[in-house]
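Novice: next comes the sequence, and after it the predicted model I'd like to discuss.
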Amino acid sequence: MPVSKKTIVGLGSAVLMTSLTYGIGAAQAQEGQLRGNVRVVIGSTSTGGDTYQNSSIVVDQLSEKLDINMKVDAVGASSAFRTLDRDARGNTLMIFHDQAYLGHLYGVEGYADIFEKYTIGPTVAINPGNAYLVPMDSPYETLDDIIAAVGEGETVRVAIQPGGVSEIGFSALKNAIAIEHPGQEDNLVAVNTGSQSDKNQLLFDDQVDLINGSVQANEQYTRLPEEDQKAMRFVWLTARQETIQQAPEEGLGQTTREQLLQHVEPNVHVTMGDDETFTFDKEFFFLYNKDMDPGIVEQIDEALAEIFEEGEIQEAQKSAFFIPNFRPSGEASEYLEEKRSRYAEIIENIQ
Amino acid sequence: MESGLSDLLSVSIDFGTSHLFFPTLITWIMAVLFVLVVATQVVPFLAAVKRGERTLPIVGESMDGLRFFGTLALIATYFYLMTVVGDMFPYTGYGFLFVSIPFVFLMSLLYLHEWTSKALVIVTLNAFVAPSLAWLILAKLFQITLP
Amino acid sequence: MEILSLLDVTFFLLTALGALVGIVFGAIPGMTATMAVAVCLPLTYALGLNHGLALLLGLYVGGISGGMVPAVLLNIPGTPSSITTTFDGYPMARRGEGERALKISVVASLVGGLISAAVLFLFAPLLADFSIKFSYIEKFLIILLALTVIASLSNNMLVGIFSGVIGIWLSLIGDYSISDGGNGKTRLMFDFMEPYLFEGFSLLPVLIGIFGISTILLEAEKGVKSDLTDERVKIGKGAGATFSLALFKGRLTNLVRSSFIGTFVGMLPGVGGSAASVLAYTQEKNLARDSSQMGKGAPQGLIASESANNALTGGALIPLLSLGIPGDSTTAVLIGAFTLQGIQVGPLFIPENAETWYVMMAALIFANFVMFFLMFYAIKYIAKVVMVPKHILFPIIVMMCVVGAYAINYGIMFDVWTLLIFGVLGYLIQKVGLEVAPLIIGFILGSQAEVYFVKSLESAGTLTIFFTKSPIAVVLWLLILASVVFSITMSLKNRAKHRQELLG
C-alpha cells in the first residue's frame, strides 16, 4: 500500500502533537503530583470504627497504585480539619463522611462550610448501616406506628448523638411528623447521648423508646431471644433501597439482604413532603486543602478510577459491608452539595 | 414542706448550656477551697516567712539557674524546631530525628559535670545512636507518625 | 479437638512476641499498651484473625504490665493505669528496693491477670448482663467513690482536696464532647486557645509532663548532681531488698480484692482503665488493718495497684466480647482487629465464634505467663536502668516522652507542648506545696464525672435520683460514706499522733 506524503505528514504531526501533549502532561504531572510521604487524616478518633476501616481499604489500594507511602491517622474531626488547613502541598489528605457538612448544618463548633473552605475529593464508599431500633417487646411494630403514635400526642424518646449523622434521621422523622400531623412534632423528643453503648444502655434502662444505631453494631442484638432485656428490633434503615440492593446477598451476620430490605423505603416511608421520601446514605469522601495543586486532585481521581475499574477494591469493601461508590472529585462535589441542600431544608423546617 | 425539699433538689439543665453546668459548679467549689486554703495555710505560712522561720518557694531557694533555665530553653527550642524541620520533610520523621540529635547532645552536656574525654565520647555516641534507634524502630518499623 | 489444631507454634510465638514488645512499649515512658496495639493492628490483617489476636492480646497484657517499670524506677507511670504504682513503687526504689518492688508488682500482675481471665472465661455473658444495670447514675457514683481516694491520699486533707478539684477543673477545659453526648461547645478558655485546646488536654501528655518533665525540672534546679546516682546504685544490691513470696502473706485478701475490683471496673464501659487501680488502691487504704505506710513505699500499695491494672485486661474484654462494646481504650483499638477481619462482636459473639473465643482465652492466659517469666527474670537487668547516669538518661526520657505524646493521638503537635506546659505546672505545684497525686486523679476522673453527673441530671431533673435510682446506688453510697468517714478518722488520728509527738 503506497503511503502518501500527506499521510506521513499527518501521522508525523499527530505523533509530534501527542508526544508534545504527553510531554506537557508529564511536566504538569511532575508539578502537580503527590510526592514524599502522604498522611491521610480521618474525622474519627477510633481505629475500630467504619471511617478508619473504609479509609484503610482505600488508602492501601491507592498507595499501591501510586507507589508512595500513605498512612491513615485517626486524629478526629477538629484536628483533621486543622491539619488539612495547614498543608497545601498535598502531603495531608482527609477522608470523612457526611458528618463533615452535617456538623456545620447543625451549627456544631469546629465545623466550617466544607464546600467553601475545602476542595471536595472523590466519594469512595457508602456505609449502608445507619439504622433505628426499638426494644424487641416495643408496642411499636413499624416506624409508621411511631409516626402515628406521636401524631396522637404520645411522647416518643429517641437516643441520638447530637449534631450530625446520628441526628439527621431523627430530624427527618420530626419533619415528617410535622408534615403529617402538624403541631405534634414536639412529642418526638431527642435524648442526647454519646457512644453506641450509651444509646443501647438508655434503651435497656427504658429511658428511651427508639435509638439510633447501625446494622453492624446492633445486628446481633436483633437476634437475641425476646425475653432477653437486651433484645432489639430494626424499624428503619435510612439507606436508599438501591444502596441496600447492592449489599452482598447474605447480608450481615445472619440477617440477609432480603430481611434488611424490609426496613428501607418504600416499606418505610418518611416523607419530606411532595411525595418525596427521606433517605440517608452515609458516604465517605476525600477532602483536600483548597490551595492544593489541581494536578493532585486529578491524579487521585485517575488512580481511583483505575482501581475501581480493576474491581478488587469492590470485593474488599463489600466483604466489610461497605457499598462501593466511586465518583470523581467534581461530580462528588456537585452531588454532595445537592445532598446537603436537601438536608438543610429539613433542619430549617423543624427549627 | 416536702415539695419544698424536692424543689430544692430539682435541677433542670438546658442542653444548649449544659457545657457550663459542671464547670461552673467546679469553679465555685475551687474558689471556696482556695479561700479556705489561703486562710488556713497560706496566711500562717506568710506570717512564718515574715518572722524569718520559712522561706518562700522558688524565689527564696537556691537554684542552679543555668541548668534549670537551660533545660526549659532547650526543651522549648527542641519542640519548636521539631515542627519547623519536620515541616520541610513532611511525615518522614526527619524533624524528630534531625532535631533530637543536637537536643540529646546539648542536654547531656548541660547536665554533665566533669567534661572528661571519655564522658564526651559516650555523650556524642549516645546523641547519635539513641535518636536514630528510636527513629528507625518507631517511624520506620512501626510506622508511627513522627514530626 | 479442633481448637488444639489452631494453637500451633506460630500462635505461641506470636503471643510471646506480643508480650515482649508490649512490655517494651509499656516500659518506655510515654508509650502505652493502647499504642502498642494500635501500631500492630495493621499487621493482623496479614496474620489472620486467630494469629492476629494472639499477637494483640500479648501486646495488651505486656503493655499494661510494662507500665510498672518506669513507675517504680523513675516515678513516671508508663501507662496511665500504673499511676498508683508510683505512689509506693518509687519510694521503695529510693530506698534501694526497686528490684523487690518490681518483683512484687510482677507477681501481683500475674495473679490479677489470671483471676480476671478466669472471671472472663466463666462469667462473661452473666457479667455483661450485670454491667448493663449500671446507668449514668451508678457510673457517676463509682467515679465519686474513686475520687474519695483523694481525701485519704493527701498529706493535708484540705490542700489535697483543693489539688484534686484543680485537677478536675483542668480536665474540663475544652469542648463538652459530642461523642460523650455533650453539646460540643468549649468552655474555660479564651477564643485564641481554641485551635489548640478544642479537645482539651490529653491525658497521657499531661501525665508524663507532670511526672516526667517536672521531675527533670526539679532535678535540673538542684543541678543534676551525680551523687544521687550513687544512692540509687543500691537498687541493684541493696540490703534487705530480697524478694520472697512470704511478702504476700496476709496480703491475699488485698490481692484477690484488687483483682476483682480491676476486673469489675474494666468491665464497665466508659469508666476506663485508670479508675481501676485508683479504686483498688482506695479500697486497700480503707480496708487494710494498717495502711499508714501506703504512699511511703508499702508493698500492699503495689499489690493493689498492679493486680488491679492487670485484672483490667480480662475485665475490659467482657463487654467487648459479650456486648460488642470496648471496656477501655485498648480494647477500643482491639475491636478494629475484628472489624478488619469482618467479624462482628456483639452479644452473640461467644456462642457464634466459639473457636475464636477459646483461642483468645488461651492467648490471654499464655500471655500472662510469658509476661511473668520475661519480667521476673529480666528485672535484675531492667532495674539497672537507674544506674544509667542522669545526663544520659534524662535527654532520652524527654525524647521518648515526645514520641509518646505525639503518637498518642496519631500525631498532634499540641500534645507535645502539653508536656512542657504540664511539666512547668507540675514543677510549680510541687513548689507551692500543692499535691500532685490528688491533682492527677482529679484530672483522670474529672471529665467522666462531668458526663455522668450532667447526663443523670439532664434525664432525671432532680438530685434525688442519685439516692433512689437502684439498690446498687445505695450500696455505692454506703461505700463512699465509709471511705469518707475513714479518711477523716485517719486524718484526725494522724493529727493527734502528730500533736503527741510534738508534746512528747
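Specialist: Received it, and whenever you're ready, just let me know what you need.

Novice: tell me the residues of the stretch 101-250 of chain C that contact chain A?
Specialist: Counting by Cβ under 8 Å from any Cβ of the partner chain, the stretch 101-250 of chain C comes close to chain A at C:129, C:132, C:135-136, C:175, C:177-186, C:195, C:198-199. Where you see a C-beta, it was placed from the backbone N, CA and C, and this is true even at glycine.

Novice: test my guess that C:E435 contacts C:M157.
Specialist: No - contact criterion Cβ atoms under 8 Å: C:E435 and C:M157 do not qualify, at 10.1 Å.

Novice: how many other residues sit next to residue 276?
Specialist: No chain in the question, so chain A it is. Other residues within reach of A:E276, judged by other Cβ atoms under 10 Å in any protein chain shown, total 10.

Novice: if you could check chain C rather than the one you did, that'd help
Specialist: Using other Cβ under 10 Å, C:A276 has 34 other residues around it.

Novice: so where's chain C shaky on pLDDT?
Specialist: Scanning chain C with the threshold set as pLDDT under 70 gives C:1-3, C:226-242, C:272-273, C:504.

Novice: now the residue of chain A found nearest chain C: how far from C:L110?
Specialist: Going by Cβ to the nearest Cβ, chain C is nearest to A:Q220 of chain A, at 3.1 Å. According to Cβ to Cβ, to the nearest Å, A:Q220 stands 33 Å off from C:L110.

Novice: then C:T10?
Specialist: Taking Cβ to Cβ, one finds C:T10 at 24 Å from C:L110.

Novice: one more: A:R257?
Specialist: Distance of A:R257 to C:L110, computed by Cβ to Cβ: 48 Å.

Novice: okay, these two: which has more neighbours?
Specialist: Shown here are A:R257 and C:L110; by other Cβ under 10 Å, C:L110 has more neighbours (22 against 15).

Novice: tell me which helix or strand comes right after the helix or strand harbouring the more buried one.
Specialist: In the assignment (DSSP states H and E), C:L110 maps to helix C:98-131. Proceeding N to C from helix C:98-131, the next assigned helix or strand is helix C:136-147, under DSSP H and E.

Novice: how about B:W115: what's its closest non-neighbour residue?
Specialist: Spatially, and ignoring its direct neighbours in sequence, B:W115 is nearest to B:L109 (7.8 Å; Cβ to Cβ, 6 or more residues apart in numbering or on different chains).

Novice: list the contacts for the one you found?
Specialist: B:115, B:123, C:391 (Cβ atoms under 8 Å, 6 or more residues apart in numbering or on different chains).

Novice: separate out the buried members of those residues.
Specialist: Buried members of these, counted by 16 or more other Cβ atoms under 10 Å in any protein chain shown: B:123, C:391.

Novice: would you convert the contacts of B:L109 into TSV that also reports secondary structure?
Specialist: Formatted as TSV, the contacts of B:L109 follow (DSSP: H, G, I helix; E, B strand; the rest coil):
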residue	secondary structure
B:W115	coil
B:V123	helix
C:H391	helix
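
Novice: which one of the contacts of B:L109 sits closest to chain A?
Specialist: B:V123 (31.5 Å).

Novice: hang on, isn't that closest one packed against B:L110?
Specialist: No - using Cβ under 8 Å, B:V123 is not in contact with B:L110, being 10.4 Å away.

Novice: which residues do the two both contact?
Specialist: With Cβ under 8 Å, 6+ apart, B:V123 and B:L110 have common neighbours C:H391.

Novice: list the contacts for residue 65?
Specialist: Picked chain A for this. Residues near A:K65 by Cβ under 8 Å, 6+ apart: A:303, A:306-307.

Novice: um, chain C though
Specialist: Neighbouring residues of C:S65 by Cβ under 8 Å, 6+ apart: C:22-23, C:26, C:106, C:109, C:113, C:306, C:310, C:371, C:375.

Novice: doesn't it belong to a helix?
Specialist: Yes - assessed with three-state DSSP, C:S65 lies in a helix.

Novice: so how far is chain A from it?
Specialist: 22 Å (Cβ to the nearest Cβ, to the nearest Å).

Novice: what do you get for C:P125?
Specialist: From C:P125 to chain A the distance is 10 Å (Cβ to the nearest Cβ).

Novice: list the contacts for that residue?
Specialist: By Cβ under 8 Å, 6+ apart, C:P125 lies in contact with C:322, C:347, C:350.

Novice: give me the subset of those residues touching chain A.
Specialist: Near chain A, by the rule Cβ under 8 Å from any Cβ, you find C:P347 out of the contacts of C:P125.

Novice: among the contacts of C:P125, which lie within helices?
Specialist: C:322, C:350 (DSSP state H).

Novice: count of neighbours near the residue nearest to C:K380 when sequence neighbours are not counted?
Specialist: Nearest residue to C:K380 in three dimensions, chain neighbours excluded: C:E99, at 6.5 Å (Cβ to Cβ, 6+ apart). For C:E99, the neighbour count with other Cβ under 10 Å is 24.

Novice: A:T119: helix or strand, and which one exactly?
Specialist: strand A:118-127.

Novice: okay, now residue 128: neighbour count?
Specialist: Assuming you mean chain A. 27.

Novice: if you could check chain B rather than the one you did, that'd help
Specialist: If you count neighbours by other Cβ under 10 Å, B:F128 ends up with 13.

Novice: surely it meets B:I101?
Specialist: Yes - contact criterion Cβ under 8 Å: B:F128 and B:I101 qualify, at 6.0 Å.

Novice: gap between B:Q41 and chain C?
Specialist: 6 Å.

Novice: correction: B:S18
Specialist: 6 Å.

Novice: for the residue of the stretch 151-300 of chain A found nearest chain B, which non-adjacent residue is closest in space?
Specialist: Closest approach between the stretch 151-300 of chain A and chain B, counting by Cβ to the nearest Cβ: A:N192, at 5.9 Å. Take A:N192 and drop its neighbours on the chain: the residue closest to it by Cβ to Cβ, 6+ apart is A:P162, 4.5 Å away.

Novice: give me the phi and psi for that neighbour.
Specialist: The phi/psi pair for A:P162 (degrees, to the nearest 10) reads phi -70, psi 150.
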